[in-house]
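In: give the three-dimensional model of this entry:
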Amino acid sequence: MIFYFSGTGNTKWAASKLASATHEDLISIAPYMRADDSSHTLAEPFTLKEDERLGFVFPVHGWRVPRLVREFIKQMKIQTEVPMTTTSTTQPATSSTTQPATSSTTQPAASSTTHPAARAKRPFVFCVCTAGDSIGLTIENLNDTIAQNPSLAAMGIQQVESSYSLIMPESYVGLPFMDVDKKEREICKKEEAAQELAVICEEVFNRKEGISRLVKGPIPWFFTKVVGGFFENVLITDKRFHVEKGRCVKCGICANVCPVGDIQGGHGEYPVWLHHKDCLTCFTCYHHCPHHAIEFGHQTQKKGQYFFR
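Out: I've put the predicted structure just below:
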């Protein structure tokens, strides 16, 4: 079972490849976290079949696990199809019997025997995070989140057993010095990612433990704890998004692709951001707009667009 979140498509591509290689179910996280989607609920537990893997695949946001993914992991309920506990059954001892006649022989009491009931092995747990460059302490951030989930703890899961970062084309454009990659760099990153992902798929299929193939970058603690904190507390907001009405055709694509349902409009109406504090500033709306009509303050002017295709 592979849980994934994707905005611009990089992570969905990677998660789909992993699911195909391992024959695992692929489950999108976003619908479970949308207030406007009552068809998906976290009230019922997910059930892992025997020998099923458990994977988390997501993009890195501000050198951390995306807030939406962290909240999902904290709230999710999960169980194994076969109970994780072991029970035993004991056969009663056979009483001694005495043979009549010439020699009386006593049969020894049969020793009690224990038959272990069927028991599920702890699932193999892994994660793959996509990023434009470095990931800082994202995996430590993930493991801290996993440790807060009671149902995972009940299964003996405190952290992932193997972790990978996958460098993909850049999509974050919310700071003055950040833009999408040039086309040549984008193509190169995709080719290298495809090669690396093939290796990851094989290792995950074989349940290889203890692998930590990560591009943490320089001073990882600083970027995750300090810069990441600034990113979440200041930069993650929908208040800077606006539409350039001269370019907008009211198609509604932005509202349809928003993973948290924070945009209303389209089909004859200009898009409006709802300010319900769920916005991830993932720029999915910006990148998917066919007329480049969505801007984020002045930060995105004259910048490129990208989504996986």
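In: so what's the residue lying closest to E209 once chain neighbours are set aside up against?
Out: In space, and not counting its chain neighbours, E209 is closest to E161: 4.5 Å by CB to CB, 6 or more residues apart in numbering. Backbone N, C-alpha and C define where each C-beta goes, glycine included. Taking CB atoms under 8 Å, 6 or more residues apart in numbering, we find E161 in contact with 124-126, 209-210.
In: counting neighbours, which of those residues comes out on top?
Out: F126 (25 neighbours; other CB atoms under 10 Å).
In: direction included, what does whatever helix or strand that residue lives in pair up with?
Out: Assigned by DSSP states H and E, F126 falls within strand 125-131. Looking at strand 125-131 with DSSP bridges, its partner strands are strand 54-59 (parallel), strand 162-167 (parallel).
In: out of those strands, which one sits most buried?
Out: Comparing the strands paired with strand 125-131 by mean neighbour count (mean count of other CB atoms under 10 Å), strand 54-59 comes out on top with a mean of 26.
In: now tell me which helix or strand of the chain has the poorest mean pLDDT.
Out: Least confident helix or strand of the chain, by mean pLDDT, DSSP states H and E, is helix 30-33 with a mean of 91.
In: surely D179 is in a helix?
Out: No. Judged by DSSP: H, G, I helix; E, B strand; the rest coil, D179 forms no part of a helix; its state is coil.
In: just to revisit the earlier point, would you mind writing the CA trace of the strand holding F126 as PDB?
Out: Below are the C-alpha coordinates for strand 125-131, written out as PDB (Å, rounded to 0.1, in the frame of the first residue of the first chain):
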ATOM      1  CA  VAL A 125       8.000   0.600   5.500                       C
ATOM      2  CA  PHE A 126       9.700   2.900   3.000                       C
ATOM      3  CA  CYS A 127       9.500   6.400   1.700                       C
ATOM      4  CA  VAL A 128      10.500   8.300  -1.400                       C
ATOM      5  CA  CYS A 129      10.600  12.100  -1.400                       C
ATOM      6  CA  THR A 130      10.900  14.200  -4.500                       C
ATOM      7  CA  ALA A 131      12.800  17.500  -4.500                       C
END
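In: about what we covered before: from the contacts of E161, pick the one nearest I253.
Out: F126 (33.3 Å; CB to CB).
In: from V60, how far off is the nearest residue to the closest one once chain neighbours are set aside?
Out: Leaving aside its chain neighbours, F126 sits nearest to S162 (4.6 Å; criterion: CB to CB, 6+ apart). Separation of S162 from V60 (CB to CB, to the nearest Å) stands at 17 Å.
In: so how far is the longest helix along the chain from its chain's centroid?
Out: For the chain, the longest helix by residue count, based on DSSP state H, is helix 183-205. Put simply, helix 183-205 sits 18 Å off its chain's centre (CA atoms, centre = their mean, to the nearest Å).
In: which element follows it toward the C-terminus?
Out: That would be, after helix 183-205 and using DSSP H and E, strand 212-213.
In: need the contact partners of that following strand.
Out: So strand 212-213 is in contact with 139, 162-165, 200, going by CB under 8 Å, 6+ apart.
In: what residues does F241 make contact with?
Out: Going by CB under 8 Å, 6+ apart, F241 touches 273, 279, 285-286, 294-296.
In: pull the most distant pair out of those residues.
Out: Of all pairs in those, the most separated under CB to CB is C279 and E295 at 14.9 Å.
In: which one of the two is surrounded by more residues?
Out: C279 (24 against 18).
In: and the strands in the protein, which stretches?
Out: For the chain, the strands defined by DSSP state E occupy 2-4, 26-28, 46-48, 54-59, 78-80, 125-131, 162-167, 212-213, 241-243, 263-264, 272-273, 294-296.
In: and F230, which of these is closest to it?
Out: Once the strands of the chain are compared by CB to CB, strand 294-296 is nearest, at 16.4 Å.
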